[in-house]
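A.B. asks: Pasting the sequence and the predicted model now:
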Amino acid sequence: MSDQVRTRFAPSPTGYLHIGGARTALFNYLLARRLGGTFIIRVEDTDQTRNIAGAEDKLLDDMRWLGLDWDEGPRVGGDFGPYHQSQRLQRYQAAARQLLDAGRAYYAFDTREELDELRTAAEKAGGSFYYPRPDRFPSEADAERARAEGRPVVLRFLYPDEDITVRDEILGDVTVPRSEVDDFVILKADGFPTYHFAVVVDDEDMRITHVLRGQEHLINTPKHIALQRALGYRTPAFAHLPVILAAGGSKMSKREKDKTVRDAVRDAVAAGTLDEARVLELSGVADAEQLKRWRKKKIQLDADGLERLAAALQLDLPEIDIHDFRRSGYLPEVILNYIALLGWSPADGRERMTLAEMAGQFDLSRVGKTNARFDRDKLLSFNTDTVNADPERALAGLKDYLAVNPASPLQGVDEATLRTLLEINAGYRTYRDIEHKCAALFVEDEALAWDDKAVEKVLRKGDKAGVTQLAAVRPALADLADWSPEGLETALKQYAEQNGVGFGKVAQPLRVALTGSMISPPIFHTLSLLGKETCLRRVDAVVARET
RNA sequence: GCCCCCAUCGUCUAGAGGCCUAGGACACUGGCUUUUCAUGCCAGCGACAGGGGUUCGAAUCCCCUUGGGGGUGCCA
């Protein structure tokens, strides 16, 4: 069938899969699945200065983790490859030759400096830069000469003298005036194609029928249409997706992480909990001068530096990349479900859907036009429900969480205990929550984090009532043989009753003494998991210290 | 500056001229459950940006204003 639907997701290997990229990938996936078509991944690695080693693998791993399987592309191959633009250079050169021969493209030799100058001048004059098309196009010999002289040689497209209308499946007809587009570069000086050119050639070669991408590409689309016409290609259907914005209304970007850390560092240094030298060491920047620049928002820290600082400050970084959400303890199907709703609403009005259910009813006509803000609370809510609904799924998810969080205190905990943890934490929101809540059960006594407010309120307040209570209940615990949650419950409730104290008066001091905080799993499980010996040791230590 | 896109509760959205005294979800507030934190259950609060038209009738159509977003690269 020649009208087989073919969609593609075309990321650049510059980092992890971004949440916005994931949404674009998802919609392309859903459209292909819904229409019984083919979903393709193509790697757009034409900017040699921006490619990051290892990024492609991470990106594809994130796609796999999400469950967005592709039918053609890297790792799986296909009949329309290669699927890396860097391996398709001959194709672009051939297409460029075709345009050159047809008089639809011409050589240009301007240097960066010359172009910058023209741009600045145009800006000063209050207008947009517009490449001045020469009266006579340089010849092949001129190009040779320029090359010999060491000038950059690029190829520019002769943009047609007409307004071009994009028929967008979501936005409707959008006309971009001819005056807004100039003779843009299609082949760079290094012989690589520009994005605009590569996209057009590849989409044709790969028989792409539907191009779904972010709205930031809308203005570029006339360039692609003009190119397609000049080359005699088909023009696929276009659909420009609304942008996903951060809660504050700006674009979701790594900058948010930077800001979070910068603010926290400032506060910590002011409070004296973190010193300058340590900041410099953790940040990973070369010297104090660079650190100063970072403080002034002139530069951004790299991911590792941000991670180290966040860890030192016990700070949770805002999630931006899919990998961030994975590390924070969200389930992939939840993320997909949530981001699908950012811009799309199913006809049946349901909100909770599996990938297959979404694919069963995805429809471009139900994709909205307005930008959507990312709401972590709603994502959290979805995750809470999903993770608490299916114990087996939750266990697998927890194992995955541990696989990407090597420093987790839960590392090395056996499966039976993990199951118990899941059970006694029923109602948890993310795996990170379980980790926070249960860390005290798996760290050494010396490593316990003491919450001053908890100690004050539960142990010291009222003439050390809590400490007194601890000392009083201690013998009962020491005498107890059955250290199971049930045995503990029987014994402790009996103790409370016999001594005429509210159960909370017994449980809370124990909680703080054993975990250093007012937040923990149910008290009987906390005791049981910790083991009798550890419990008595921690109680004794607190009683000794606070008396 | 110029060009393009957008505009319903705090947020995501339903709504395609009368079905809307505008529905749902999340958040928020109050109550209940509870040994902590969560979860759960119940109830409540809460929007058609403003102004002009068109029409018997407008959240829905048109125009203007305002606001938001995007673009203006040999980045994608």
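C.D. replies: Nice, I can see it.
A.B. asks: OK, contacts around A:Val43?
C.D. replies: A:10-13, A:56, A:73-74, A:83-86 (CB atoms under 8 Å, 6 or more residues apart in numbering). Any C-beta I mention is one placed from the backbone N, CA and C, and that applies to glycine too.
A.B. asks: for A:Leu30, that is, sorry about that
C.D. replies: So A:Leu30 contacts A:340, A:358-359, A:362 (CB under 8 Å, 6+ apart).
A.B. asks: Show me what counts as buried in stretch A:213-227.
C.D. replies: A:213, A:215, A:217-218, A:220-227 (16 or more other CB atoms under 10 Å).
A.B. asks: Farthest pair within the contacts of A:Leu30?
C.D. replies: A:Ala340 and A:Ala359 (10.0 Å; CB to CB).
A.B. asks: On the C-terminal side of whichever strand or helix holds A:Asn28, identify the next helix or strand.
C.D. replies: According to DSSP states H and E, A:Asn28 maps onto helix A:19-34. With elements assigned by DSSP H and E, the helix or strand that comes after helix A:19-34 is strand A:38-41.
A.B. asks: chain center to that next one: distance?
C.D. replies: Offset of strand A:38-41 from its chain centre (CA atoms, centre = their mean, to the nearest Å): 21 Å.
A.B. asks: now stretch A:485-497
C.D. replies: On CA atoms, centre = their mean, the centre of stretch A:485-497 falls 46 Å from the chain's centre.
A.B. asks: buried residues in it?
C.D. replies: For stretch A:485-497, burial by neighbour count (16+ other CB under 10 Å) applies to A:485, A:488-489, A:491-492, A:495-496.
A.B. asks: dump the residue contacts of A:Asp316.
C.D. replies: A:310, A:328, A:432.
A.B. asks: cutoff 7 Å now
C.D. replies: Contacts for A:Asp316 (CB atoms under 7 Å, 6 or more residues apart in numbering) come out as none.
A.B. asks: Would you confirm that it belongs to a strand?
C.D. replies: No: looking at A:Asp316 with DSSP: H, G, I helix; E, B strand; the rest coil, it is coil, so not inside a strand.
A.B. asks: Check it and give its pLDDT.
C.D. replies: If you check A:Asp316, the pLDDT there is 79.
A.B. asks: do the one 5 residues further on as well
C.D. replies: What the model reports for A:Asp321 is a pLDDT of 93.
A.B. asks: so it sits right up against A:Thr14, yeah?
C.D. replies: No: between A:Asp321 and A:Thr14 there is no contact under CB atoms under 7 Å: 11.3 Å.
A.B. asks: Which one's more surrounded, the two?
C.D. replies: More crowded of A:Asp321 and A:Thr14, by other CB atoms under 10 Å: A:Asp321, with 22 against 15.
A.B. asks: Could you check how far the more buried one is from RNA strand B?
C.D. replies: 15 Å (CB to the nearest atom of the strand, to the nearest Å).
A.B. asks: Let me know the closest of the buried residues of stretch A:485-497 to RNA strand B.
C.D. replies: Checking the buried residues of stretch A:485-497 against RNA strand B with CB to the nearest atom of the strand, the nearest one is A:Glu489 at 7.0 Å.
A.B. asks: The closest residue to RNA strand B within the stretch 1-150 of chain A: how many residues sit nearby?
C.D. replies: Proximity of the stretch 1-150 of chain A to RNA strand B (CB to the nearest atom of the strand) peaks at A:Glu44, 3.1 Å away. Number of residues near A:Glu44 (other CB under 10 Å) recorded here: 18.
A.B. asks: just to revisit the earlier point, RNA strand B next: which of the buried residues of stretch A:213-227 are close?
C.D. replies: A:215, A:217-218, A:220 (CB under 7 Å from any atom of the strand).
A.B. asks: Out of these, flag the one nearest to A:Met518.
C.D. replies: Distances from A:Met518 to these, taken by CB to CB, are shortest for A:Gln215, at 46.8 Å.
A.B. asks: Enumerate every residue touching the closest one.
C.D. replies: Taking CB under 7 Å, 6+ apart, one finds A:240-243 in contact with A:Gln215.
A.B. asks: rerun at 8 Å
C.D. replies: A:240-243, A:371.
A.B. asks: among those, which ones are buried?
C.D. replies: Listed as buried from those are A:240-243; burial here means 16+ other CB under 10 Å.
A.B. asks: all strands of the stretch 201-350 of chain A, in order?
C.D. replies: A:210-214, A:237-241, A:244-245 (DSSP state E, counting those that start in this stretch).
A.B. asks: Quick one: distance of the shortest one to the chain centre.
C.D. replies: Relative to its parent chain, strand A:244-245 has a centroid offset of 12 Å by CA atoms, centre = their mean.
A.B. asks: That strand packs against which elements?
C.D. replies: If you count contacts as 3 or more CB pairs under 8 Å, 6 or more residues apart in numbering; DSSP states H and E, strand A:244-245 packs onto helix A:19-34, strand A:372-373.
A.B. asks: pretty sure A:Ile52 is touching A:Thr14, no?
C.D. replies: Yes: contact criterion CB atoms under 8 Å: A:Ile52 and A:Thr14 qualify, at 5.5 Å.
A.B. asks: what separates the one residue in the stretch 351-500 of chain A that gets nearest to RNA strand B from A:Leu421, distance-wise?
C.D. replies: With CB to the nearest atom of the strand, the shortest gap between the stretch 351-500 of chain A and RNA strand B falls at A:Gly427, namely 2.7 Å. Counting by CB to CB, to the nearest Å, the gap from A:Gly427 to A:Leu421 is 13 Å.
A.B. asks: Could you do A:Gly103 as well?
C.D. replies: The value you get for A:Gly103 to A:Leu421, if CB to CB is used, is 71 Å.
A.B. asks: These two: which is more packed in?
C.D. replies: The residue with more neighbours, out of A:Gly103 and A:Leu421, is A:Leu421; 24 against 10, by other CB under 10 Å.
A.B. asks: List the contacts of the more buried one.
C.D. replies: Contacts of A:Leu421 (CB under 8 Å, 6+ apart): A:398, A:410, A:413, A:434, A:438, A:521.
A.B. asks: one more time with 7 Å
C.D. replies: A:434, A:438.
A.B. asks: And for A:Arg167?
C.D. replies: Taking CB under 7 Å, 6+ apart, we find A:Arg167 in contact with A:173, A:238.
A.B. asks: can you tell me the average pLDDT over the longest helix seen in chain A?
C.D. replies: Ranked by residue count, the top helix of chain A under DSSP state H comes out as helix A:461-479. Per-region confidence: helix A:461-479 scores 89 on mean pLDDT.
A.B. asks: Repeat that for stretch A:388-397.
C.D. replies: 95.
A.B. asks: Whether that stretch contacts RNA strand B - can you check?
C.D. replies: Yes: using CB under 7 Å from any atom of the strand, we find that stretch A:388-397 touches RNA strand B at A:Asn388.
A.B. asks: Pull out the buried residues from that stretch.
C.D. replies: Quick answer for stretch A:388-397 (16+ other CB under 10 Å): A:394, A:397.
A.B. asks: Nearest residue to the residue of the stretch 351-500 of chain A closest to RNA strand B in space, please, no chain neighbours.
C.D. replies: A:Asn388 (6.5 Å; CB to CB, 6 or more residues apart in numbering).
A.B. asks: which strands and helices sit next to the helix or strand encompassing that neighbour?
C.D. replies: Taking DSSP H and E as the criterion, A:Asn388 maps to helix A:376-389. If you count contacts as 3 or more CB pairs under 7 Å, 6 or more residues apart in numbering; DSSP states H and E, helix A:376-389 packs onto helix A:332-340.
A.B. asks: Contacts for the helix it packs on next, please.
C.D. replies: With CB under 7 Å, 6+ apart, helix A:332-340 has contacts from A:19, A:22-23, A:26, A:65-67, A:322, A:325, A:352-355, A:358, A:378-379, A:382-383, A:386.
A.B. asks: Please save the CA atoms from it in CSV.
C.D. replies: Extracted in CSV, the C-alpha atoms of helix A:332-340 (Å, rounded to 0.1, in the frame of the first residue of the first chain):
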residue,chain,number,x,y,z
PRO,A,332,7.2,5.0,32.4
GLU,A,333,3.6,4.3,31.6
VAL,A,334,2.6,7.0,34.0
ILE,A,335,4.8,9.6,32.3
LEU,A,336,3.5,8.6,28.9
ASN,A,337,-0.1,8.8,30.1
TYR,A,338,0.4,12.2,31.7
ILE,A,339,2.3,13.8,28.8
ALA,A,340,-0.2,12.5,26.3
